[in-house]
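J.: show me the folded form of this:
(3 chains, ligands or ions: 2)
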Amino acid sequence: MAQEILKSLKAALWFMFLTFPIMVIKVNTVYKTIEWRWMNMIFIGVGIFVGSFIWRWLLNRKDRPVAKKDFVPVSTRVQAYLAENPMAKRALQGVLLAALLCFPIFMDAYQINIFTVALMYIVLGLGLNIVVGLAGLLDLGYVAFYAVGAYTYALLNTTFGLSFWLVLPIGGALAAIFGILLGFPVLRLRGDYLAIVTLGFGEIIRLVLENWNDFSHGPSGIAGIDKPDFFGLELNLNQMTDAIYYMMVAFTIITIFFVGRLQNSRIGRAWLALREDEIACQAMGVGRTRTKLMAFALGATWAGLMGVVFAAKTTFINPASFTFLESAIILSIVVLGGMGSIPGVILGALIMILLPEYMRSFSEYRMIVFGGAMVLMMVFRPQGLVSNFRRKYSFHGVDERLGG
Amino acid sequence: MENILEVKGLTMDFGGLRAVDSVDLYVKPKEIVALIGPNGAGKTTFFNCVTGIYTPTKGDILVSSNNGSAVRINGFKPNRVTERGLGRTFQNIRLFPNMTVLENVMIGKHCRLSAKIFGALFRDKKTRAEELKAAQECYTILEKLGLEKACDELASNLPYGDQRKLEIARALATEPKMLLLDEPAAGMNPQETVELTHLIRRIRDTEQIAILLIEHDMKLVMNLSERIYVMDHGQKIADGTPMEIRNNPEVIKAYLGEDIDA
Amino acid sequence: MDYFLELFLGGLTRGSIYALIALGYTMVYGIVQLINFAHGEIYMIGAFTALIIASVLTILGLNSIAILVIATAAAIVYSSAYGYTVEKIAYKPLRNAPRLSPLISAIGMSIFLQNYVLLAQTSDFLPFPRLIPEFAFMEPVSHIFSSAELVIVSTTMIVMVLLTLFIKFTNIGKAMRATAQDKTMALLIGIDVDRVISVTFIIGSSLAALGGVLIANHIGQINFYIGFIAGIKAFTAAVLGGIGSIPGAVLGALILGWTESFATGYVSSDYEDVFAFALLVLILIFRPAGLLGKAETKKV
Ligand SMILES: Nc1ncnc2c1ncn2[C@@H]1O[C@H](COP(=O)(O)OP(=O)(O)OP(=O)(O)O)[C@@H](O)[C@H]1O
Ligand SMILES: [Mg+2]
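T.: Ligands and ions are numbered 1, 2, ... in the order given. Now for the predicted structure:
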């Protein structure tokens, strides 16, 4: 025990030293004054002292092999229960749907807006999940496809007056084409190089949007984009908020449905196999480039669709909405929630988007918490909050599931 | 072409190292052929060249197509080679550890199925029928290898011997005309090896396919194969019937001390 | 001609800075096959530490050479400490994890450190004091090549030579080369691989800190975000030269520096960063092994 305390003490001292210049000293370069924030040093010391115990305890727990085998995480147990009890599953789905549908009745426009945003991130997360979670391709430039969708609608709408519903498929298709154009040359690269290339591509798209004034109106962006049109109805501001909310609910449900089906299809299987062992997978007759390209293009399509929705919802876009940070947020939704797991991604999006909104004082700490959480997740729980639950194909189950 | 596989002058260089040096080899339909040689002789590299994992430096690899003509498959991607009817296993087991046994086999079926994105999203009648049929066929393959009980297990949870068998099952699911097995008995006990010998022969008889296998277990090789090729230092040093190989002084020299009569 | 020379020297200066950062990427990659995404942040923290210490010392009234030395030393010490700690927290527990896990962890660490500095300090650009004096003998050429640039280029050259000697001749340098070739083998012959990895991070981070101080002094202002772009560019340089190769990193950095300098000088300055990213994408597509790296066939 004394040894443990010593370890924690050492860690605390080390971090107090480490954070000293940045946490303690603050120089005002204009007035040439120095502010010494010694309290911060004390916070760090105490925080690390405690945190160090927890850190070591968690590391030990992770390394214990016995605990690993027998321990079934709560999320897996819940999912297994739901898989075995279709009635319970239906009931849960019904309740959730009803709650989603009734939500606008009880809430004001502000709340509805926040929820609409959360739903958009769920869809974006699920789209990226196809690429990262299922196919195992780390795409750090996902936001580029989102930007393609958004600018497609913004430009087609403001210059040619094309309507939202017409541009929606165009935006999705264009994003898919971009995905294929980028994916084709880079998908044979090793995983980490792929990550960097996609990052570079995302930045290129953003920088072009920022600098090509004639085309994209540069940093000032495009304003006055039309909201979506719903059957030609005249909607006031509140009704429009509700309508977009319901549209997003529909979108989310469709996405969940489609991604679920993809996961359990011939292609979904190939994605998983490719992620597990690329060489064996190819040797078993799966075309690598083609299969990866499919994941990339599908993921991009969803981003493109959401981009159109985003432009229509906010009626104003500029390149600042499409920075690497945005890609990082969507990625951390997937990582935090659980790569490859639909409920995980939903949970991840809700936590990442709603928590900072509702805890205003927390919102400036949002990115630091995201970053820290990504590290902690990888170290202690790489499968995410909700581990990916693979539906077991018991052989008789195959009959039921596919025949029915 | 009467042979199912014909390799001429195959050469593979890694930087300065010539791992395979102008090797000739052929396999006739329904034949069991063994490829043996000391460690590092270049056997696995030979397999990797034939199955498209490496692109050979020189030589021709010909496979007979369905209409009997020969197709040169050098530089084909591994999946194209598999589509042409060559299924393989790996020396160091390469299953998909976090997928179930049945799913592993279904990956083998992948290239014989046709469901596209549309089918996946809308799960139409044709797609459902195809998936069901594929699952049933894969289950049948597992039954043949005695793995059907484990069908829902994760591949990584199988005992070692069963993992080797699962590799064979997965390769069979690609509907090969010829199976390439890289040390299928490695790590098995004598009892399991005997069973494997029967299994391999049974596969050849029931599936009517050719088998080319790399193996260090001489008993299995001598029992099973109709012809044997011997490699050493990348070169083919002998070929012939088990009887001929057993008495070939070159081979005995290559193994130097290793007992090939075991 | 003067313009060409100015661009050439400007590119050389840029390239030198990229080289200092790129070495950290390349050395770490050579040993643990990880793209240390947080490396740019280590560089940023170096610059910040130098800025903070220098500002404090300026207020205390020290002379500028003393400030320069102390601030640089502090930057190097702190950056190494951060690099060392980041490795222990975010990468070491993931040594045996799937390849993408440490990369995601690195991205998380990068975001964390950026926001840590943002929250603890400020999001504004801070003016960085000019610590490098104007040398009298540089007077005649100062319109195309400033004293600060001279210091940057010569420091980089000296550091390169020292690093090469270090890796060639010291024991730990030899251990680093052995570990880069074959980690298992290195372990078997009794090399303390953990220590080698730590030393690699420390050296890489010190070089990045040096780069941070020099560039901050040259440009005159910094903020919490400078590490991101610089990091990606340095990574581009490392890949361009062939990641894992030390001369490759320097070569790649110089090529990148000149590309940027000439492209912005003769083509358009709006797209400065696009050139770097485009170069990165093209290199990875057409020659992923880089200029000095060899393509290897993965053993199956
Ligand atoms: N990708 C590669 N890069 C470099 N050298 C390789 C590569 N693959 C194989 N080799 C070398 O080629 C030679 C032949 O190796 P191979 O694996 O084909 O031998 P083998 O006959 O299968 O041996 P074993 O019986 O041990 O499996 C060896 O010296 C090996 O180190
Ligand atoms: Mg072998």
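J.: pick out the residue of the stretch 101-250 of chain B closest to chain C.
T.: Distances between the stretch 101-250 of chain B and chain C by Cβ to the nearest Cβ are smallest at B:Asp182, namely 9.9 Å. Where C-beta positions appear, they are placed from N, C-alpha and C, glycine not excepted.
J.: burial count for that residue?
T.: B:Asp182: 24 surrounding residues under other Cβ atoms under 10 Å in any protein chain shown.
J.: do you know the pLDDT at the nearest residue to it once chain neighbours are set aside?
T.: In this structure, B:Asp182 finds its nearest non-sequential neighbour in B:Gln91, 4.2 Å apart by Cβ to Cβ, 6 or more residues apart in numbering or on different chains. Note for B:Gln91: predicted pLDDT of 93.
J.: phi, psi for B:Gln91 please.
T.: For B:Gln91, the backbone dihedrals are phi -60, psi -50 (criterion: degrees, to the nearest 10).
J.: that one contacts B:Ala186, doesn't it?
T.: Yes. The criterion here is Cβ atoms under 8 Å, and B:Gln91 meets it with B:Ala186 at 6.8 Å.
J.: show me what stretch C:158-176 is in contact with.
T.: Contacts with stretch C:158-176, where a contact means Cβ atoms under 8 Å, 6 or more residues apart in numbering or on different chains, come from C:19-20, C:23, C:27, C:31, C:177, C:186, C:191-192, C:195-196, C:199-200, C:203, C:207, C:210, C:246, C:250.
J.: tell me which residues touch the residue nearest to B:Asp182, please.
T.: B:44, B:182-183, B:186, B:214.
J.: which ones among those lie within helices?
T.: Those of the contacts of B:Gln91 mapping onto helices are B:Thr44, per DSSP state H.
J.: quick one: least confident of the contacts of B:Gln91?
T.: Within these, B:Ala186 has the lowest pLDDT, namely 89.
J.: tally of neighbours for that one?
T.: Counted with other Cβ under 10 Å, B:Ala186 comes out at 16.
J.: was I right to think it contacts B:His216?
T.: Yes. Applying Cβ under 8 Å as the test, B:Ala186 and B:His216 come out as touching, 7.2 Å apart.
J.: what's the strand or helix carrying B:Leu142 packed up against?
T.: Using DSSP states H and E, B:Leu142 sits in helix B:125-144. Judged by 3 or more Cβ pairs under 8 Å, 6 or more residues apart in numbering or on different chains; DSSP states H and E, the packing partners of helix B:125-144 are helix A:395-403, helix B:101-109, helix B:117-122, helix B:160-173, helix B:190-207.
J.: the last one vs helix B:160-173, what angle?
T.: Between helix B:190-207 and helix B:160-173, the angle formed by their directions is 10 degrees, by axes from the mean of the first three to the mean of the last three Cα atoms, to 10 degrees.
J.: alpha carbons of helix B:190-207, as PDB, please.
T.: Coordinates of each C-alpha in helix B:190-207 appear next as PDB, following Å, rounded to 0.1, in the frame of the first residue of the first chain:
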ATOM      1  CA  PRO B 190      -0.600 -38.400 -34.400                       C
ATOM      2  CA  GLN B 191      -4.200 -39.400 -33.900                       C
ATOM      3  CA  GLU B 192      -5.400 -36.200 -35.400                       C
ATOM      4  CA  THR B 193      -3.000 -36.600 -38.300                       C
ATOM      5  CA  VAL B 194      -4.300 -40.000 -39.100                       C
ATOM      6  CA  GLU B 195      -7.900 -38.600 -39.200                       C
ATOM      7  CA  LEU B 196      -6.700 -35.700 -41.300                       C
ATOM      8  CA  THR B 197      -5.200 -38.200 -43.800                       C
ATOM      9  CA  HIS B 198      -8.500 -39.900 -44.200                       C
ATOM     10  CA  LEU B 199     -10.300 -36.500 -44.400                       C
ATOM     11  CA  ILE B 200      -8.100 -35.200 -47.200                       C
ATOM     12  CA  ARG B 201      -8.600 -38.400 -49.200                       C
ATOM     13  CA  ARG B 202     -12.300 -38.300 -48.600                       C
ATOM     14  CA  ILE B 203     -12.400 -34.700 -49.800                       C
ATOM     15  CA  ARG B 204     -10.700 -35.600 -53.000                       C
ATOM     16  CA  ASP B 205     -13.000 -38.600 -53.600                       C
ATOM     17  CA  THR B 206     -16.300 -36.800 -52.800                       C
ATOM     18  CA  GLU B 207     -15.500 -33.400 -54.300                       C
END
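J.: so which elements touch it?
T.: strand B:32-36, helix B:125-144, helix B:160-173, strand B:210-214, helix B:218-224.
J.: what about 6 Å?
T.: Contacts defined by 3 or more Cβ pairs under 6 Å, 6 or more residues apart in numbering or on different chains; DSSP states H and E place helix B:190-207 against helix B:218-224.
J.: for the helix it packs on, name the packing helices and strands.
T.: strand B:32-36, helix B:190-207.
J.: so for ligand 2, which of those sits nearest?
T.: With Cβ to the ion as the criterion, ligand 2 lies closest to strand B:32-36 of the helices and strands packed on helix B:218-224, at 9.7 Å.
J.: the closest one vs helix B:190-207, what angle?
T.: Strand B:32-36 runs at 140 degrees relative to helix B:190-207, counting by the same axes, to 10 degrees.
J.: list the contacts of strand B:32-36.
T.: B:27, B:43, B:204, B:211-214, B:221, B:224-230 (Cβ atoms under 6 Å, 6 or more residues apart in numbering or on different chains).
J.: restrict these to contacts with ligand 1.
T.: The subset of the contacts of strand B:32-36 within reach of ligand 1, by Cβ under 6 Å from any ligand atom, is B:Lys43.
J.: hmm, which two among the contacts of strand B:32-36 are most spread apart?
T.: Between any two of these, the greatest separation by Cβ to Cβ is 21.4 Å, found for B:Arg204 and B:Val230.
J.: look at these two and report which has more neighbours.
T.: B:Val230 (24 against 18).
J.: that one reaches B:Val251, doesn't it?
T.: Yes. In this structure, B:Val230 is within contact of B:Val251 by Cβ atoms under 6 Å, at 5.1 Å.
J.: joint contacts of those two?
T.: Taking Cβ under 6 Å, 6+ apart as the criterion, B:Val230 and B:Val251 both touch B:Ala238.
J.: which ones are touching the residue in the stretch 201-350 of chain A positioned nearest to chain C?
T.: As assessed by Cβ to the nearest Cβ, chain C sits closest to A:Asn211 within the stretch 201-350 of chain A, at 4.2 Å. A:Asn211 is in contact with C:Asp270, counting by Cβ under 6 Å, 6+ apart.
J.: and if we set it to 7 Å?
T.: The neighbours of A:Asn211, taking Cβ atoms under 7 Å, 6 or more residues apart in numbering or on different chains as the test, are A:218, C:270-271.
J.: in CSV: those residues, plus pLDDT.
T.: CSV is the format used below for the contacts of A:Asn211 (pLDDT from 0 to 100):
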residue, pLDDT
A:Gly218, 84
C:Asp270, 74
C:Tyr271, 77
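J.: make a PyMOL selection of whichever of the residues you listed turn out to be buried.
T.: Restricted to buried positions by 16 or more other Cβ atoms under 10 Å in any protein chain shown, the PyMOL selection for the contacts of A:Asn211 reads:
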select buried, (chain A and resi 218) or (chain C and resi 271)
